[in-house]
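[1] following is a predicted model, sequence given first.
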Amino acid sequence: MKNNIVLTTCAQSEAESLAEKLVEDGLVACVNIIDKVQSVYRWQGKIVKDHECLLVMKSSSIVYDRLQERIKEIHSYEVPEIISLDIENGYAPYLEWLNLALK
């Protein structure tokens, strides 16, 4: 099974709820919530500065399409950041646990 890390940012008020739903759905094994990330980006022709949370989710490429759809469904942003990075190497017992934790 090919494992990946999926990243998304969100408002602080929804970070814990998003993380919990995705774990409950079996689409991610674990979510780290990094609080108070400063984001600077262009949106609708303007430069925007926001304090957000970064969610670092451990998952699998097998469920990625379902994970992406679920994030889009429950996320409050019109265009949420959803970026997947392949895990090339890792501690074998952790990766085994990760695979067992996914539905």
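    Sure thing, it's come through. Numbers count the residues shown, from 1 in each chain.

[2] how far off centre is the strand or helix carrying Ala15?
    Taking DSSP states H and E as the definition, Ala15 sits inside helix 12-24. Relative to its chain's centre, helix 12-24 lies at 10 Å (Cα atoms, centre = their mean, to the nearest Å).

[3] contact partners of the helix or strand just after it?
    Later in the chain than helix 12-24, the nearest helix or strand by DSSP H and E is strand 30-43. When contacts are defined by Cβ atoms under 8 Å, 6 or more residues apart in numbering, strand 30-43 is touched by residues 9, 12, 15-16, 18-19, 22-23, 47-58, 98, 101. Every residue, glycine included, has its C-beta placed from N, CA and C.

[4] with adjacent residues omitted, what lies nearest to Val56?
    Asn32 (4.3 Å; Cβ to Cβ, 6 or more residues apart in numbering).

[5] so how far is Val6 from that neighbour?
    Distance, Asn32 to Val6, by Cβ to Cβ, to the nearest Å: 11 Å.

[6] can you check Met57 too?
    With Cβ to Cβ as the criterion, Met57 and Val6 are 4 Å apart.

[7] shared neighbours of these two, which are they?
    Val28, Leu67.
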